[in-house]
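[1] any chance you could fold what I've pasted below:
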Amino acid sequence: MITVVKIERKKILLVVLVLVGIVFCAVGFGGLAEKMLGWGDQSTTPAAVTLSHPENKGDSAVGDAPEGDAVLTGQVGANGTDQDADGSYFVEARLSLEQARGKEMETLREVLASEADEEVRKTAQERLMRLSSKVSQEMELENLIRAKGYQDAAVFLDSDTVTVILRPGKEMMADADSTTIAGLVAKTTGVPEDGVIVITREK
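    Just a heads-up that it's a prediction; the model follows:
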């Protein structure tokens, strides 16, 4: 005797939607900032961090750092030049983020355009609206930070943390105003200040 099990389309789409969300959160957003910086395997607590670019490329900046300070070295391109010298780091970071979010938005729009149950489409619509709001907040914060004199900034909103990567202005100290930036981000996003990670790339 063969038993036929019927699975409602509504349940299938709900499962697919949940799995898609988990995958994109884990791969696209959760470790994006760390991946771009090349320190995804290191653990950090919300804090202000300075990326150091030593004058002598053969020396390690970590060896000269006071005990307890977090120092991250910048990436060097194939031609031996600092990838951040012309601000290309920020361009690449935004491109990677846009690609990850673009894929998730495309999946959500496909669900909205399908013959899925009304509840499933409603869930997809809510996720799409939250994602759009997140993108708008990131752009707003980047503009506000640049208005304070920074050459550039990249903001990455996650579920319960925000990573801010700064490029100080020509007349600014490398660690200038990081506490104020953390407060600004917390106020704008609603994320607690201890959940804001501020990373400064030295000039």
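[2] ranges for the helices of this protein?
    9-23, 32-37, 88-113, 118-147, 178-189 (DSSP state H).
[3] how about JSON lines for those helices, with mean pLDDT and mean neighbour count added?
    C-beta: built from backbone N, CA, C; applies to glycine. Shown next, in JSON lines, are the helices of the chain (pLDDT from 0 to 100; neighbours: other CB atoms under 10 Å):
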{"stretch": "helix 9-23", "mean pLDDT": "56", "mean neighbour count": "14"}
{"stretch": "helix 32-37", "mean pLDDT": "46", "mean neighbour count": "19"}
{"stretch": "helix 88-113", "mean pLDDT": "90", "mean neighbour count": "16"}
{"stretch": "helix 118-147", "mean pLDDT": "93", "mean neighbour count": "15"}
{"stretch": "helix 178-189", "mean pLDDT": "89", "mean neighbour count": "17"}
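[4] among these, which is nearest V162?
    helix 178-189 (5.2 Å; CB to CB).
[5] what lies in contact with the closest one?
    48, 137, 140-141, 144-145, 148, 155, 157, 162, 164, 166, 191-193, 195-196, 198, 200 (CB atoms under 8 Å, 6 or more residues apart in numbering).
[6] what's the closest of the helices of the chain to K170?
    From the helices of the chain, taking CB to CB, the stretch that ends up closest is helix 118-147, at 13.3 Å.
[7] and the closest one, what does it pack onto?
    Counting contacts by 3 or more CB pairs under 8 Å, 6 or more residues apart in numbering; DSSP states H and E, helix 118-147 packs against helix 9-23, helix 88-113, strand 152-157, strand 162-167, helix 178-189.
[8] out of the ones you listed, which is closest to T123?
    helix 9-23 (6.3 Å).
[9] distance to K170 added to the helices of the chain, as a markdown table?
    Listed next are the helices of the chain as a markdown table, based on distance: least, CB to CB, whole Å:
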| stretch | distance to K170 |
| --- | --- |
| helix 9-23 | 41 |
| helix 32-37 | 23 |
| helix 88-113 | 16 |
| helix 118-147 | 13 |
| helix 178-189 | 17 |
